[in-house]
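> Task: produce atomic coordinates for the following.
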Amino acid sequence: MTRNKFFMGSLLVAVGLGLGFVPAPVSGQDITQSIKEQQQRAREREERLKKLSRQESRLSKDVQATENRIKRLEAAIDKQEKELHGVEAELQKVSSRLDALTRKTQASQEDLAKLLATLWPLSVQRDSTGVIHPEGWDAASRRYIWTKTLYEKVDARQKELQKQQLEVEKTLEERQALAESARKKLAAVNADKKDLLQDKLQYRRKLKSVKQDKASAEAELRNVLDVIRGLNFKLEKQRGGKDIALLKGVLPWPAKGSVVKRYKPKASPPVRGIGLRVAKGTPVQAVAWGKVMHNDVLRGFGRVVILMHGEEYYSLYAYLSESSAQVGENVKQGDLIGTAGFYPDVNSDGLYFELRFHQKAINPESWLTSLK
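This next block holds a predicted model:
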């Protein structure tokens, strides 16, 4: 029975944490410890989210780079296809020209054969001694000379055609080689495109998986933050929210931004707080319950609001653009006390924040939660 009670108790605690609420701890110290444990869980999930975000960014860049390479390859494919089309068209023209020259050469050869058949008997007839041609020797000689001249012209034309045919055949071989080279280049570019499309598909699958993991991690982080908010509410309710000493390490940040100046009291000049760079119009909130002790412009610090927490702790918020906080009024943790203004040290909108114990500045970052 005792074991069952222990098991049920543990189960209720686990379920409570998962749903965003926990059984009320006995003391404020217990609640603070629980908050710190949940913050550790939140930090772990934040680190995982950062890692997944980096993976997502890297994969997105890989996808974009692959798509850009595919676009360049598609442009190269279009260029290669046009080049191949032009070479093949030229190849067709050269082939047609070669066919025409071949036909002309064959016709010229036939003409030469006919002329040779005519020229040979005339030559024999002219050179035969004692034989008188019916038309007379002079007429036979004239026919021979005319036929021979015609033969020589046809023979010269045939040689010219043969020469042109050789040149065209050489050009044809060159065009065929160019066409083959263009086909190989086109095939290689298409193969590269195919490989890149496979890479793109793999990158997209990985990116989808990372996005799913990221969404899961974000949901887990939201659940943990809900638990922390619930614990903070319990702590504030138990102590009236006025015991800032119990909140070390769990104070909320006064504004959302990036730390650009850190606590360095021994530096020259000393930095007794932290400086944040923030977006324009960023609201500034009280880090804990307190009473407004000061709201005015201080030389070198712009508008400054000072809160007193109990009798020992103070928080200071400088470089506000405006503040509606009234001196003497009480504010709760998270209440709006103003809007961040121009911060000269960062040359943009920002906030300077100090935390003091009595009059001594203490490191605010050791009091603020690691979660912004």
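
> State the number of residues packed around the closest residue in space to residue 330 that isn't next to it in sequence.
Distances taken as C-beta to C-beta, 6 or more residues apart in numbering place residue 291 nearest to residue 330, at 5.4 Å, with adjacent residues excluded. All C-beta atoms are positioned from the backbone trio N, CA, C, and that covers glycine. Residue 291 is flanked by 15 other residues according to other C-beta atoms under 10 Å.

> Next: residue 163.
Around residue 163 there are 11 other residues, counting by other C-beta under 10 Å.

> Double-check that it belongs to a helix.
Yes: remark: residue 163 belongs to a helix, assigned using DSSP: H, G, I helix; E, B strand; the rest coil.

> sorry, back to before: got the phi/psi numbers for the residue nearest to residue 330?
phi -120, psi 140 (degrees, to the nearest 10).

> separation between it and residue 207?
52 Å (C-beta to C-beta, to the nearest Å).

> just to revisit the earlier point, which residues are in contact with the residue nearest to residue 330?
Shown in contact with residue 291 (C-beta atoms under 8 Å, 6 or more residues apart in numbering): 307, 308, 328, 329, 330, 331.

> What's opposite it in the beta bridge?
On the basis of DSSP bridges, residue 291 is bridged to residue 308, residue 330.

> how far away is it from residue 309?
Taking C-beta to C-beta, one finds residue 291 at 8 Å from residue 309.

> Residue 279 too?
Residue 279 is 27 Å from residue 309, by C-beta to C-beta.

> For these two, indicate the residue with more neighbours.
Of the pair residue 279 and residue 309, residue 309 is the one with more neighbours under other C-beta under 10 Å, namely 25 against 12.

> Does that one touch residue 331 like I think?
No: using C-beta atoms under 8 Å, residue 309 is not in contact with residue 331; the gap is 10.2 Å.

> before we move on, back to that, out of the contacts of residue 291, who has the most neighbours?
residue 307 (25 neighbours).

> got a pLDDT number for that one?
Listed pLDDT for residue 307 reads 96.

> Chain neighbours aside, what residue packs nearest to it?
Closest to residue 307 by C-beta to C-beta, 6+ apart is residue 290, at 3.5 Å.

> Next, count neighbours for residue 166.
For residue 166, using other C-beta under 10 Å, the count is 11.

> go on, the one 3 residues further on?
Counted by other C-beta under 10 Å, the residues lying close to residue 169 total 14.

> Same check on residue 92?
Should you count by other C-beta under 10 Å, residue 92 turns out to have 11 residues around it.

> Could you do residue 350 as well?
Using other C-beta under 10 Å: residue 350 sits among 26 other residues.

> And for residue 362?
18.

> So it is in contact with residue 356, correct?
Yes: Residue 362 is within contact range of residue 356, at 6.5 Å (criterion: C-beta under 8 Å).

> Poorly predicted segments of the stretch 251-372 of the chain, please.
Across the stretch 251-372 of the chain, residues meeting the criterion (pLDDT under 70) sit at 370-372.

> give me phi/psi at residue 79?
Torsion angles, degrees, to the nearest 10, at residue 79: phi -70, psi -40.

> err, residue 354, not the other one
phi -130, psi 150.

> Tell me the spacing between it and residue 338.
15 Å.

> Specify the local secondary structure of residue 91.
Assigned by three-state DSSP, the conformation of residue 91 is helix.

> what does residue 324 give?
Three-state call for residue 324 (three-state DSSP): coil.

> For it, which non-adjacent residue is spatially closest?
Closest to residue 324 by C-beta to C-beta, 6+ apart is residue 338, at 7.3 Å.

> can you pull the buried residues of the host helix or strand of that neighbour?
Using DSSP states H and E, residue 338 falls within strand 336-343. Neighbour counts over strand 336-343 (16 or more other C-beta atoms under 10 Å) mark 337, 338, 339, 340, 341, 343 as buried.

> who does it pair up with?
In the sheet, strand 336-343 lines up against strand 283-285 (antiparallel), strand 313-322 (antiparallel), strand 348-357 (antiparallel) (DSSP bridges).

> Now that we have the ones you listed, can you turn them into a markdown table and tack on distance to residue 109?
Shown next, in a markdown table, are the strands paired with strand 336-343 (distance: least, C-beta to C-beta, whole Å):
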| stretch | distance to residue 109 |
| --- | --- |
| strand 283-285 | 101 |
| strand 313-322 | 102 |
| strand 348-357 | 92 |
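
> With respect to residue 149, which of these lies nearest?
Closest approach to residue 149 among the strands paired with strand 336-343 (C-beta to C-beta): strand 348-357, 100.6 Å.

> Would you mind extracting the C-alpha trace of the closest one into PDB?
Provided in PDB are the C-alpha atoms of strand 348-357 (Å, rounded to 0.1, in the frame of the first residue of the first chain):
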ATOM      1  CA  SER A 348      20.400  53.000 -30.600                       C
ATOM      2  CA  ASP A 349      17.400  52.400 -28.500                       C
ATOM      3  CA  GLY A 350      18.300  50.600 -25.300                       C
ATOM      4  CA  LEU A 351      18.000  50.300 -21.500                       C
ATOM      5  CA  TYR A 352      20.600  50.600 -18.700                       C
ATOM      6  CA  PHE A 353      19.600  48.500 -15.600                       C
ATOM      7  CA  GLU A 354      21.100  48.300 -12.100                       C
ATOM      8  CA  LEU A 355      20.300  46.300  -9.100                       C
ATOM      9  CA  ARG A 356      21.600  47.500  -5.700                       C
ATOM     10  CA  PHE A 357      21.700  46.000  -2.200                       C
END
